[in-house]
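**Student:** The sequence and its predicted three-dimensional model are supplied below.
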Amino acid sequence: MGERQRIVIAKPGLDGHDRGAKVVARALRDGGHEVIYTGLRRTPDQIIRTVLDEDARFVGLSSLSGAHSHLFPKVCELLREAGLGDVVVFGGGIIPESDRPPLFAAGVRAIFGPGTPSSEILEFVNFASGRDCGVGSEDDWHWGE
Amino acid sequence: MSAIENGELEVTDTDGLIVAITGPPGVGKSCLIDGILHRLTPNNLVAVLAVDPTSPISGGALLGDRIRLSVLDDKTKADSIYVRSIATRSSSGSIPSIVRGLASHLLANNFDLVIIETVGAGQSEMRCAAIANRIIVVEGPARGDGIQAEKAGLLELADLIVVNKSDMEGAERVVNDLTISLTLTDDAPPIIRTSATKGDGLDELSDMIQHLDERVTSRRARARQQLLMAHENILILNPAFEAILDRMSEEGLVLEEALRLLNE
């Protein structure tokens, strides 16, 4: 494992199913990271506030009800505006392939659909922590390219 | 804040009010803190350092106390509050002194009150409570197995005891048991009843938190923790410590020999 990271796992929007988010949160903890879980139905502003207060380097956004196309880029934008351009954003949940390119373009560095092994998410965190791929960086790389 | 946590930034101790709120898991500490924050802000700047245990195996932690603070959703109050989750990270140096550093930094930056929330179950968490100037111990209704806080050795640290979930059965019994066991002490802390979910007793608690008297017994108990902690730190920071642990677990090095090697 690389360095221990502080990772916020957030549920933006209105969907109420957080089992997947909690599974990922636990997997990240078992991988040695410090995970702050925000709870359900968070607004983008609340998520930014948590990332800021908790000095998190990563934020994982979980969306199962289709709000990702609007909310994920919104979170990316607010992070940049708040001066948190070095934060790495990743997403998960139900996100159709066709919806992904605009999210990558907005600054999301990885999207993990249902069935992704947690080892892959840990690998991503490890890899991304050594790379300058925050939401505000020039890098247009994304995981799985 | 991360720089202080990682030991990269030294902070000198600042004066100010640091209150630890500790107690067994599930008694409602986070909800009480939420109630206190609702009442103290926006007129005061309050910080909450929520200490959660780190898994000794993976080194990771799931820091979930923040979720219970509904006050953060109140825009008129959220800017007067800072919440930070801290994992106990047993291997990277002394958590209590890191928490002390964070608290000092906040006090030096105009915070009126720093609340340290810990589960009073492990050594590390008790030590974190001991770095505060005042300690509030929270108990819940009796579960038929005696007073949890007493078992954990927390009562001697308390400057105030709060029995939460006072609306539930078993709460009054805890108040009675505590009152009886504390009559034997000269220096007993006050006991108050609250119900965080109903709001009972929260006005009183929010007022008391800023005006708690210091008691000799709790001061001594805190000093004891601080001394034990300083002693433990010397041990953990010994460069031979990890190597000796490896030898004990993999080569069968015995305790007496290990102690002798460490004292060299």
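**Tutor:** It's in.
**Student:** The residue of the stretch 151-264 of chain B found nearest chain A: what's it in contact with?
**Tutor:** Per Cβ to the nearest Cβ, the residue of the stretch 151-264 of chain B with the smallest distance to chain A is B:Glu242, at 16.5 Å. C-beta coordinates here come from the backbone N, C-alpha and C atoms, glycine included. With contact set as Cβ atoms under 8 Å, 6 or more residues apart in numbering or on different chains, B:Glu242 has no partners.
**Student:** Assumed it was part of a strand.
**Tutor:** No. With DSSP: H, G, I helix; E, B strand; the rest coil as the criterion, B:Glu242 is helix rather than part of a strand.
**Student:** Just the pLDDT for it.
**Tutor:** If you check B:Glu242, the pLDDT there is 86.
**Student:** Give me every residue in chain A lying close to chain B.
**Tutor:** Residues of chain A lying close to chain B (Cβ under 8 Å from any Cβ of the partner chain) are A:4, A:6, A:25-26, A:28-39, A:46, A:49-50, A:53-55.
**Student:** In strands only, show me those residues.
**Tutor:** A:6, A:34-37 (DSSP state E).
**Student:** ok, and the most crowded of the residues you listed?
**Tutor:** Most neighbours among those, by other Cβ atoms under 10 Å in any protein chain shown: A:Ile36, with 30 neighbours.
**Student:** Surely that one touches A:Gln5?
**Tutor:** No. Assessed by Cβ atoms under 8 Å, A:Ile36 is found out of contact with A:Gln5, at 11.1 Å.
**Student:** what is in contact with the two at once?
**Tutor:** A:Ala56.
**Student:** where are the low-confidence patches of chain A?
**Tutor:** Scanning chain A for pLDDT under 70 picks out A:1.
**Student:** Can you classify the spatially most central residue of it by secondary structure?
**Tutor:** Taking Cα atoms, centre = their mean, the centroid of chain A lies closest to A:Gly60, which sits 2.2 Å from it. Using three-state DSSP, the structure places A:Gly60 in strand.
**Student:** Was I right to think it contacts A:Val88?
**Tutor:** No. A:Gly60 is beyond contact range of A:Val88, at 9.5 Å (criterion: Cβ under 8 Å).
**Student:** ok, of the ones in strands among the residues of chain A next to chain B, which one's closest to A:Phe127?
**Tutor:** Ranked by distance to A:Phe127 (Cβ to Cβ), those are led by A:Arg6 at 17.0 Å.
**Student:** Could you double-check that the closest one lies in contact with A:His33?
**Tutor:** Yes. Using Cβ under 8 Å, A:Arg6 makes contact with A:His33 at a distance of 7.3 Å.
**Student:** List the residues that are in contact with both of the two.
**Tutor:** Taking Cβ under 8 Å, 6+ apart as the contact rule, A:Arg6 and A:His33 have no neighbour in common.
**Student:** and B:Ile115, that one's in a helix?
**Tutor:** No. Applying three-state DSSP, one finds B:Ile115 to be strand, outside a helix.
**Student:** how about the nearest residue to B:Val216 once chain neighbours are set aside, secondary structure?
**Tutor:** Of all residues not flanking B:Val216 in the chain, B:Asp187 sits nearest, at 5.7 Å (Cβ to Cβ, 6 or more residues apart in numbering or on different chains). For B:Asp187, the assignment made with three-state DSSP gives coil.
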